[in-house]
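Enquirer: after the sequence you'll find the predicted model.
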Amino acid sequence: MVPAHRGQLTVTQLVDRYPIHHQGVRRLLIDYLTRRRAGTGYTTITALARQLANTFWAKIEKINPGQQDLALSPEVYDQWREAIKPWDRDESRTRADDSGILLAVRALHLDLHSWAIDEPEQWAQWVVPCPIRPKELKGFAKRKPEIHQRMSDRIRVRQPLLPTLVAHVEGRYEPVWWTRRGPIRRLTYHGAHRMFERVNASLGADWTLHDLRHSAAARRVRDPKLTLSDVQWVLGHAHLSATEVYLTPHKDEVVAGVLAHHARQARENIQPAPPPPAPGYDPASLDVLFGRSS
């Protein structure tokens, strides 16, 4: 198990969060997820690592400690299907649908079959028939709208509680912004908007309150102690791709980075003069010995 960590984990750290004893399978999952990581967002790869390393293989090892490859016997597979019915974090709850886990495991097997054709030295040893029967995924396309409907239902149930949560936070914490002119009071949205109007009129600028949101988001995505998912949650983005736009560096940051690179190159290219040889050594002989003679 890896220690507590803030910021995005590496693929190896994602896999090592779960108890995998077979080092060959551990290495396989790391290599597989690393390859999938190239075209996948961090949130997706985190969920996939949990499904494959924990929900799939860690449970297989618990059921059959001597399992040496991905070729599961029908008995082990059936026991695994029973083992994944409860939720990993709350075994008192039963999964309403396990199709996502089955699809992840099936994709692993199909990818290994495909990749082994071009890179047999790395993947061929893990190619085995997929244990998931086609009939087990039959009707998934019809069930998918039901899954989304359940998610929407949960949101509708929690939505009325939002004003209560906001009132609790506002009552517990002091406001961040106060008015300067008396009577001293909380700075409201309309007050801040009017403040921006006065500043823009004075400076000939066009700043808005929303620019503060962009600035805060840009700073947060560059904080190594915050994951991109953390920033997504704070900003309220429905899709991670909306948050990823803040990863694009500003022109000034690129220029500063390139200048710093050239400065490092210049420092590395400056070779200090070698110290004079100790008494008794012939400098010409040392030049020949160390290849410094032309």
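Expert: Nice, I can see it. These numbers were taken from a predicted model, which means no experiment stands behind them. Residues are numbered from 1 along each chain as shown.
Enquirer: can you give me the neighbour number for residue 25?
Expert: By other CB atoms under 10 Å, the residues close to residue 25 number 23. Any C-beta I mention is one placed from the backbone N, CA and C, and that applies to glycine too.
Enquirer: typed the wrong thing, it's residue 238
Expert: Residue 238 has 7 nearby residues by other CB under 10 Å.
Enquirer: against residue 228, how distant is it?
Expert: 14 Å (CB to CB, to the nearest Å).
Enquirer: with adjacent residues omitted, what lies nearest to residue 249?
Expert: residue 257 (7.6 Å; CB to CB, 6 or more residues apart in numbering).
Enquirer: distance check, the one you found against residue 235.
Expert: 25 Å.
Enquirer: where does pLDDT dip in the stretch 1-150 of the chain?
Expert: 1-7, 39, 88-91, 96, 137-150 (pLDDT under 70).
Enquirer: one more time with 90, if that's ok
Expert: 1-14, 16-20, 33-48, 50-51, 54-55, 64-74, 77-78, 80-122, 124, 127-150 (pLDDT under 90).
Enquirer: that one: helices as residue ranges?
Expert: With DSSP state H, counting those that start in this stretch as the criterion, the stretch 1-150 of the chain has helices at 11-16, 23-37, 42-49, 59-63, 74-83, 99-118, 120-123, 140-158.
Enquirer: just the stretch 151-294 of the chain next, same as before
Expert: Under DSSP H, counting those that start in this stretch, the stretch 151-294 of the chain gives helices at 162-172, 189-203, 209-221, 228-235, 240-244, 251-269, 283-289.
Enquirer: hang on, residue 53 packs against residue 29?
Expert: Yes: with contact defined as CB atoms under 8 Å, residue 53 reaches residue 29; the gap is 5.5 Å.
Enquirer: which neighbours do the two share?
Expert: Residues touching both residue 53 and residue 29 (CB atoms under 8 Å, 6 or more residues apart in numbering): 15, 20.
Enquirer: need the contact list for the closest residue in space to residue 94 that isn't next to it in sequence.
Expert: Excluding the flanking residues, the one nearest residue 94 by CB to CB, 6+ apart is residue 85, at 5.6 Å. Contact analysis of residue 85 by CB under 8 Å, 6+ apart lists 94-95, 98.
Enquirer: any idea how many residues pack against residue 154?
Expert: Neighbour number of residue 154 under other CB under 10 Å is 10.
Enquirer: please begin residue numbering at 750 from this point
Expert: Happy to do that; since the first residue is 750 now, the last one works out to residue 903.
Enquirer: residue closest to the middle of the protein?
Expert: residue 791 (2.9 Å; CA atoms, centre = their mean).
Enquirer: quick one: contacts for that residue?
Expert: 757, 976-978, 989.
Enquirer: and the gap between it and residue 860?
Expert: Taking CB to CB as the measure, residue 791 falls 19 Å from residue 860.
Enquirer: with residue 829 instead?
Expert: For residue 829, the distance to residue 860 - CB to CB - is 20 Å.
Enquirer: the two: who's more crowded?
Expert: Remark: of residue 829 and residue 860, residue 829 carries more neighbours, 21 against 14, as counted by other CB under 10 Å.
Enquirer: contact partners for that one?
Expert: Residue 829 makes contact with 805, 808-809, 812, 821, according to CB under 8 Å, 6+ apart.
Enquirer: can you lay out these as CSV showing neighbour count?
Expert: Shown next, in CSV, are these (neighbours: other CB atoms under 10 Å):
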residue, neighbour count
805, 22
808, 17
809, 21
812, 17
821, 21
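Enquirer: Serialize those residues to TSV and add fields for distance to residue 966.
Expert: Below are those laid out as TSV (distance: CB to CB, whole Å):
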residue	distance to residue 966
805	35
808	38
809	41
812	45
821	45
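Enquirer: quick one: mean pLDDT over stretch 944-956.
Expert: Here stretch 944-956 scores 88 as its mean pLDDT.
Enquirer: so which bits of it are buried?
Expert: residue 945 (16 or more other CB atoms under 10 Å).
Enquirer: ok, residues contacting that stretch?
Expert: 957-958.
Enquirer: re the thing from before, distance to residue 852 added to the helices of the stretch 900-1043 of the chain, as a markdown table?
Expert: Shown next, in a markdown table, are those (distance: least, CB to CB, whole Å):
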| stretch | distance to residue 852 |
| --- | --- |
| helix 911-921 | 33 |
| helix 938-952 | 44 |
| helix 958-970 | 30 |
| helix 977-984 | 21 |
| helix 989-993 | 19 |
| helix 1000-1018 | 39 |
| helix 1032-1038 | 65 |
